[in-house]
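A.B. asks: Below are the sequence and a predicted model; questions follow.
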Amino acid sequence: TMRDIRFSDPQVLVDIDDDGVFAACAETTCQEVSFNTTGTNTFIFNVGHFTNYSASPSTGSCGVVTEDTVLSQNVNSSSDCFTIGAHNIELDCANFRINYSQGSKGSAVVLNGFDNVTIKRCTVVNVPRTDAHGINLTNTNNSFVLASTLVVDGDGAVGIFVERAFNNTLTNNTINTTGTGNNKHGVLFRNQSAFNIVQDNAIRTNGSGVNNTGIMLIYDVNFTIVRNNTIVTSGIDHNYGISVGLNANNNSVIGNRITTGGDFTNSGVFLDQCSGALIANNTIKASGSGQYNGALHLFNVILYPWIVGNNLVSNGTAYNSVVIGSNARGMVFENNDVVAEGSGVHNIGLQVNGAGIYGEYDNVIRNNSFSTRGSSLSHAIELNFMRLSLGVIQNHFIDNNLTPTGTQSYGVWVDGSWSVEFNNTIISNAPQWINGSSGVYNNLFSNTTFVSPNSSVRFTFFNVTNTSDVTRAKLNLSFNSAYLNSTNLSFMNTSAQVT
């Protein structure tokens with residue numbers, strides 16, 4: 001017997017496992033006897049065994065939710081299904097299904113303008129509609145979406161859409177955006193949202209078109225934590241595991257497992273016009289049947305990113321690499337394991353493309369492993385126009401290990417770059433060692449070790465300038481000996497240690 005029930009149509013809830021999780025009680029266990037709405041509002045029911053019981057409004061249809069509610073059956077809607085209409089309430093779908101947008105664009109759950117709301121254990125499906133988001137969170141703070149399964153279809157349809165929202169948490173959800181069309185995103189944060197957490201979700205996007213993204217942060221989305229998610233994205237091209245950009249600042253991407261696929265131009269993590277990003281301890285593989293696939297792509301004007309402890313694999317036919325675009329400044333790229341592989345040419349471990357308005361400077365690339373596997377021209381590090389001013393050391397490569405493979409593949413390829421420092425670099429078993437192409441000035445190499453299967457040599461210092469081509473023929477290592485063609489490599493005619 002329960003007294004002082006404040007809603008008109010109660011249903012019995014049971015905590016079957018004594019773990020604090022309540023669900024609708026089956027008729028085999030709970031039999032309702034009566035509900036007296038006069039006086040004490042007494043709700044009487046019989047139970048089959050002792051445990052914890054509660055009551056909630058009986059919900060068998062869509063509508064406005066203004067109090068704690070537990071679904072009692074599957075529900076359908078022509079457009080929006082549930083609209084949250086109060087603060088501090090919980091919608092527990094009890095794993096029942098919400099089938100929404102059957103007649104026009106809508107959402108399974110709309111939460112707009114209310115705070116401290118929990119949405120949990122919902123199974124969400126829809127009839128394909130453009131922009132028919134599964135769960136829509138707008139102007140809400142301190143709310144939760146938990147333990148739900150969303151299968152969403154439609155061009156531009158998003159599993160969980162978040163806008164102008166703060167301090168919300170999305171966790172332990174399974175999200176699948178699929179079907180025909182483009183722009184299928186698992187989770188989308190946009191427009192002045194901050195301090196949100198996306199954690200421990202399984203997200204898969206698979207559209208027949210382009211621009212499918214697991215998690216996207218765009219337009220003034222700040223201080224978001226994206227942590228421990230498993231993300232798989234695929235489509236024709238331009239598919240991203242996580243995309244952060246357009247003034248989205250100080251966001252953290254930590255410990256995620258990301259796999260991207262498609263035809264070509266697929267990126268595990270894509271950054272564009274943002275600052276203060278932390279990319280740490282992720283396992284990322286970007287692959288495709290074509291080219292231009294990169295585990296990490298810093299596109300334009302990336303300020304003060306911290307990229308540390310990641311396992312980055314780029315795979316396809318050709319031109320697959322970790323790419324640092326123009327105007328990267330104040331970057332720390334540290335303790336990463338980088339592999340670029342493909343059946344064709346130009347698979348680069350780390351490719352830095354400069355020629356930006358401000359140039360790249362104050363970047364530190366330290367204690368990384370760069371390995372490449374391609375048919376040819378697959379350099380471990382390639383610098384293109386990484387420069388700012390003559391005579392000033394602006395970028396620092398420290399304690400890196402380089403292992404390129406493929407015909408005419410170099411440990412370091414420098415083109416049009418100025419004032420770069422390489423310190424304590426190890427280049428192992430490279431088809432070719434170092435190339436300084438045109439427009440190269442003041443690139444300083446200190447304590448550089450060249451390793452072949454039977455010998456190695458360490459040079460204390462040399463400076464790579466225009467048309468400096470350190471090939472295996474000019475610096476030959478074999479059987480504990482080293483031969484240097486000092487006529488062609490006069491800048492390396494200095495002290496060295498052979499081991």
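C.D. replies: Received, thanks.

A.B. asks: what's the helix or strand for the residue nearest to residue 273 when sequence neighbours are not counted?
C.D. replies: Excluding the flanking residues, the one nearest residue 273 by C-beta to C-beta, 6 or more residues apart in numbering is residue 301, at 5.0 Å. No exception for glycine: its C-beta is placed from N, CA and C like everyone else's. If you go by DSSP states H and E, residue 301 is part of strand 294-303.

A.B. asks: Tell me which strands that strand pairs with, and in which orientation.
C.D. replies: Strand 294-303 pairs in its sheet with strand 267-272 (parallel), strand 274-275 (parallel), strand 321-329 (parallel), by DSSP bridges.

A.B. asks: In the sheet, which residues pair with the most centrally placed residue in the chain? Tell me.
C.D. replies: The chain has residue 242 as the residue nearest its centroid, 3.0 Å off, counting by C-alpha atoms, centre = their mean. Judged by DSSP bridges, the bridge partners of residue 242 are residue 215, residue 269.

A.B. asks: Same check on residue 34?
C.D. replies: Bridge pairing for residue 34 - DSSP bridges - gives residue 44.

A.B. asks: So what's the predicted local confidence for residue 5?
C.D. replies: Residue 5 is assigned a predicted lDDT (pLDDT) of 64.

A.B. asks: How about the one 3 residues further on?
C.D. replies: Predicted confidence (pLDDT) for residue 8: 55.

A.B. asks: Could you do residue 281 as well?
C.D. replies: Predicted confidence (pLDDT) for residue 281: 98.

A.B. asks: ok, now residue 390?
C.D. replies: You'll see residue 390 listed with a pLDDT of 47.

A.B. asks: Ok, residue 171 next?
C.D. replies: The model's pLDDT for residue 171 equals 98.

A.B. asks: Next: residue 37.
C.D. replies: 64.

A.B. asks: just checking, residue 89 touches residue 68?
C.D. replies: Yes. The pair residue 89 and residue 68 qualifies as a contact (C-beta atoms under 8 Å) at a distance of 5.4 Å.

A.B. asks: Residue 347: what's its closest spatial neighbour, skipping adjacent residues?
C.D. replies: residue 374 (3.7 Å).

A.B. asks: Could you tell me which residues make contact with that neighbour?
C.D. replies: 318, 340-347, 405-406, 409 (C-beta atoms under 8 Å, 6 or more residues apart in numbering).

A.B. asks: same question, residue 307
C.D. replies: 279-280, 296, 331-334, 336.

A.B. asks: Looking at the residues you listed, which are in strands?
C.D. replies: Members of the contacts of residue 307 lying in strands (criterion: DSSP state E): 279-280, 296, 332-334.

A.B. asks: Among these, the buried ones, what's the PyMOL command?
C.D. replies: In PyMOL syntax, the buried subset of the ones in strands among the contacts of residue 307 is picked out as below (16 or more other C-beta atoms under 10 Å):
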select buried, resi 279+280+296+332+333+334
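
A.B. asks: ok, of the contacts of residue 374, which come out buried?
C.D. replies: 318, 340-342, 344-347, 405-406, 409.

A.B. asks: what would those residues look like in TSV with secondary structure?
C.D. replies: Converted to TSV, the buried ones among the contacts of residue 374 look like this (DSSP: H, G, I helix; E, B strand; the rest coil):
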residue	secondary structure
318	coil
340	strand
341	strand
342	strand
344	coil
345	strand
346	coil
347	coil
405	coil
406	coil
409	coil
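
A.B. asks: Hmm, which of the residues you listed is lowest in pLDDT?
C.D. replies: Within the buried ones among the contacts of residue 374, pLDDT is lowest for residue 318, at 83.

A.B. asks: is it true that residue 284 touches residue 270?
C.D. replies: No. Using C-beta under 8 Å, residue 284 is not in contact with residue 270; the gap is 11.0 Å.

A.B. asks: ok, back up a step: check which residues of the strand holding residue 301 are buried.
C.D. replies: 294-299, 301-303.

A.B. asks: now swap in stretch 419-438 and tell me
C.D. replies: So, applying 16+ other C-beta under 10 Å, buried residues of stretch 419-438: 419-428, 430-437.

A.B. asks: where's that stretch relative to the chain centroid, distance-wise?
C.D. replies: In terms of C-alpha atoms, centre = their mean, to the nearest Å, the centre of stretch 419-438 is found 31 Å from the chain centre.

A.B. asks: Send me stretch 303-314 as CSV with only the CA atoms.
C.D. replies: What follows is stretch 303-314, C-alpha atoms only, in CSV (Å, rounded to 0.1, in the frame of the first residue of the first chain):
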residue,chain,number,x,y,z
LEU,A,303,46.6,27.1,-31.6
TYR,A,304,48.2,25.4,-28.6
PRO,A,305,47.1,21.8,-29.1
TRP,A,306,48.5,19.1,-26.9
ILE,A,307,48.7,15.8,-28.8
VAL,A,308,50.2,13.1,-26.6
GLY,A,309,50.3,9.3,-26.2
ASN,A,310,48.2,8.4,-29.2
ASN,A,311,48.4,5.3,-31.5
LEU,A,312,47.8,6.8,-35.0
VAL,A,313,47.5,4.6,-38.1
SER,A,314,46.7,6.0,-41.6
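
A.B. asks: can you pull the buried residues of it?
C.D. replies: Buried residues in stretch 303-314, counted by 16+ other C-beta under 10 Å: 303-305, 307-308, 310-314.
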